[in-house]
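Asker: With the input below, show me the fold.
(2 chains)
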Amino acid sequence: MKCAGARPLAALLLLAALSFLPWAGAGEAQARTLRVADQGDAMSMDPHSLNDGLQLSLTGNIYEGLTARGPTLELVPGLARSWRSTGPTTWRFELRDEVRFHDGAPFSADDVVFSLARAAAPGSDMRAYVGLVSRVRAVDTLTVEIETSQPAPILPEMLSMVYMMNRRWCETHGAEQPADKRKGMENAASYRANGTGPYRLGAREPGVRTEFERNPDYWGTIEGNVERVEFTPIGNDATRVAALISGEIDLMQPVPVRDIPRLEAAPRLRVRQGPELRTIFLGMDIESETLRFSNLDDRNPFRDRRVRLAMYQAIDIDAIIERIMRGAAKPAALLVGPGVRGYDETLDRRHPYDPEAARRLLAEAGYPEGFEVRMDCPNDRYVNDAETCQAIAAMFARIGVRVRLDAQTRSVYFPKILARDTSLFMLGWTPATYDAHNVLYNLMATPDGSGQGQFNLGGYSNPRLDELTRAIASETQDDRRQELIAQALRLHHEEIGHLPLHQQNLAWGMRGNVRMVLRADNFNDFKWISID
Amino acid sequence: MPPVATLAGASTVLLLFIAGAVLAPWIAVHHPHELASLDLSQSLRPPVGFAGSDWRYPLGTDEQGRDILSGLLYGIRSSLIVALAAVGLALVGGTAAGLVAAGRGGFIDAVLMRLGDIQLAFPAILVAMLIDGVARAVLPGVAQDGRLATLVIIIAIALANWVAYARVVRTAACVELRKDYVAAARLAGARRARIMFAHILPNVIGATLVLASINFATAIMTEATLSFLGVGLPPNSPSLGTMVAIGYDFLFSGEWWLVVLPSLALVALCVSLNLLADRLRDGLDPRLR
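Answerer: All right, here's what the predicted structure looks like:
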């Protein structure tokens, strides 16, 4: 017998079921939302707190500097309309008119004075970029005069990544100082943002999701058509690839090198590759009297050039590039890559791979049995970072240097090595100015607490190289400058201050209807992304 | 009871695995985590039968050049050692707790059983992860040192699993305590401890052995799961779970043997253990006799 109440119930259930069906085509009707994923996350939304490519790239959509970069990395006006050198050590920047921060406050010279001072403060990781700045003065509301401690012909390039913040907003929110990542500090600027850029910060959940919304009052043009961006970090490679394949995300990087052929073959997906300006290398503690994190308690083998050369010659970089990077990298002998001003192809010749010679050198240096040392490595920052370190650890083991590999996630790894809590570590570096001086100043010059050598985490020190770096900073004649750079690079190469590895390739995976600009420094400007 | 043929198959598989694990140092091509023995030029070879394979590495190699077969042998060795120790520890600890609870009664009984009840509310994996996590915070060496990590895992899995033994033993012991031979022993002047361990224990042990045999397979899976998640054995220690975790990244790119083979090994090991445990239960469980 048919139950009387069954029909209305069935109708109700059908209605409920239909309401859960995904409506095809509804996506196109909504605002253009770009879902982008990366293997890690920005550690904070504070633009001065960490000199990390991803963080600067993400915050670079919200904040802007006085100067900026175009699609092919050429220097273009940013918040400064124009600039000129008014003396050997002075620069004058004319600021744009009618620029407002996201909270409506007008942008003025006072904000420039504040921001540059903030970037030079003790907790800032951007000190090297303002290291040559000695005084900033607001001439009037739209003009700033910057004095440098020595002639600085590339100051505008150095300032392109020092983003401008609003003094009043920072003071109101207790964010006058940058949050010192090394000490694990945070303040309001870590979670909220008030910039002048083409996108505003929406929700921010560290490690989970960050949302960006198009800024309708932006002073410039936004060529792309993206209105909202949802950024999610997806650390696991397979998950990130699966998310792209399934349509859960529209754009991601890095595509693991082993998955590139598969994604290229997929019908509605595309992979764009290009060389990156980033050089990956290993650093050694050359400073300490005794090597911490090793089995030696009375000496430091890395202080001996023969040991450093032995480590260098133990690395079979061609095998690593062929097997681990699957060809998507180029061996490096310098910490400066092709595309960086000052790169010299004739100097880019590695010391030869020779494990026999390496063993002999170690014995000569007094380590016939080798030694043990801890090696620190990130596992989610560079392409195949942990796998490369693994392979290198095996190569070191073959010459007697028994490595204990400690591969960690970047949020733990970078504070550790930035605090110089390491004996052997991996690092990658893209010079923000696309100029070799940046590499010499940050990575190779003697650390002096002011910004010089801020990322020279092994403490490599050579006074002659420091002299050359100072001279390069103020040299205006191109060929003389190139000669000085070559001298410095040659010196570092001979002394083996670091163990250069390779320049990796970029690989971005995207749905077929996404168009973006691939920058060689791997920065992602949302304003240049379009979804067809 | 499972058919004889299946039992024979399960026993063979298990014996093969045990033989492989015991003989691993001699029959494996190399210890997969002996860094100096790795050869990057041999990386990503497929198992024999596929293009590019090599008989020296019959089941293929992974991205660092580690031989898969050697990894399986050492991994099974790890799994068996961890499971044996963990189950042994849980068995001994749980049985002791159950006997004490039954013998003492009153407050101690209540405390022990309630502790067990509380723990049963949490999934075993979670309990093991918690203990492992606390150990890592207290002893930083755990993340790196294979031996220390093994010890921590054994304790974690044992602590996650003792409750079942305690309850079974307590119930059985309570039943036994009412029997005549116990009264006789008491009259003869035997002390409580002697009664519990010399008289009652042999009569309740059967049930615990059944539990242990099933628990063995669970312990193997728990260790594999913890290592897969990265909170078990450190990456430089051989483990089937770690092999699956590493191989998982290669699912989409065609190097299927990196994840399929360790997974199959785990499945085969656990299924054969479970089949044999079934048989053991049929033999030992007093209720089915």
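Asker: CA atoms for contacts and neighbours, from now on please.
Answerer: OK.
Asker: Residue numbers of chain B in contact with chain A?
Answerer: Residues of chain B found near chain A (C-alpha under 8 Å from any C-alpha of the partner chain) are B:35-38, B:40-41, B:43, B:63-64, B:144, B:248-253.
Asker: So which of those sit within helices?
Answerer: Counting by DSSP state H, those place residue B:248 in helices.
Asker: So how do I select the buried members of the residues of chain B next to chain A in ChimeraX?
Answerer: To isolate the buried members of the residues of chain B next to chain A in ChimeraX, using 16 or more other C-alpha atoms under 10 Å in any protein chain shown:
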select /B:35,36,37,38,40,43,63,64,144,248,249,250,251,253
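Asker: how about stretch A:432-449: buried residues?
Answerer: A:432-447.
Asker: Among the residues you listed, name the ones in strands.
Answerer: Among the buried residues of stretch A:432-449, no member falls in strands (DSSP state E).
Asker: count of residues packed around residue 59?
Answerer: You didn't pick a chain, so chain A it is. 25 (other C-alpha atoms under 10 Å in any protein chain shown).
Asker: meant chain B, my bad for not saying
Answerer: 23.
Asker: thought it was touching residue B:65?
Answerer: No. Counting by C-alpha atoms under 8 Å, residue B:59 stays clear of residue B:65, with 12.0 Å between them.
Asker: Now residue 154: closest residue in space that isn't a chain neighbour?
Answerer: Using chain A. residue A:473 (7.6 Å; C-alpha to C-alpha, 6 or more residues apart in numbering or on different chains).
Asker: my bad, chain B
Answerer: Residue B:154's closest residue in space is residue B:86 (C-alpha to C-alpha, 6+ apart), at 4.7 Å.
Asker: which bits of the stretch 251-400 of chain A sit near chain B?
Answerer: Counting by C-alpha under 8 Å from any C-alpha, the stretch 251-400 of chain A sits next to chain B at A:258-259, A:262, A:319-320, A:323-324, A:387, A:390-391, A:393-398.
Asker: got the contact list for residue B:166?
Answerer: Neighbouring residues of residue B:166 by C-alpha atoms under 8 Å, 6 or more residues apart in numbering or on different chains: B:93-99.
Asker: Pick the one among those residues closest to chain A.
Answerer: Nearest to chain A, judged by C-alpha to the nearest C-alpha, of the contacts of residue B:166 is residue B:93 at 35.1 Å.
Asker: After the longest helix seen in chain A, which helix or strand is next? Please name it.
Answerer: Secondary structure of chain A read by DSSP H shows that its longest helix is helix A:478-495. Where DSSP states H and E defines the elements, the next helix or strand beyond helix A:478-495 is strand A:498-511.
Asker: so what does whichever helix or strand comes after that following strand touch, helix or strand wise?
Answerer: Next helix or strand after strand A:498-511 toward the C-terminus (DSSP H and E): strand A:514-515. Applying 3 or more C-alpha pairs under 8 Å, 6 or more residues apart in numbering or on different chains; DSSP states H and E, one finds that strand A:514-515 makes contact with strand A:530-531.
Asker: what residues does the helix or strand bottoming out on mean pLDDT in chain B touch?
Answerer: Lowest on mean pLDDT, DSSP states H and E among the helices and strands of chain B sits helix B:192-194, with a mean of 82. Around helix B:192-194, the neighbours that count as contacts under C-alpha under 8 Å, 6+ apart are B:103, B:186.
Asker: The stretch 1-150 of chain A: strands as residue ranges?
Answerer: For the stretch 1-150 of chain A, applying DSSP state E, counting those that start in this stretch gives strands covering A:33-38, A:67-69, A:75-77, A:80-87, A:90-95, A:133-140, A:143-148.
Asker: export those strands to CSV and tack on mean neighbour count, mean pLDDT and distance to residue B:183?
Answerer: As requested, the strands of the stretch 1-150 of chain A are exported to CSV (neighbours: other C-alpha atoms under 10 Å in any protein chain shown; pLDDT from 0 to 100; distance: least, C-alpha to C-alpha, whole Å):
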stretch, mean neighbour count, mean pLDDT, distance to residue B:183
strand A:33-38, 22, 96, 72
strand A:67-69, 21, 95, 92
strand A:75-77, 17, 94, 96
strand A:80-87, 15, 94, 98
strand A:90-95, 22, 96, 99
strand A:133-140, 16, 95, 93
strand A:143-148, 21, 96, 98
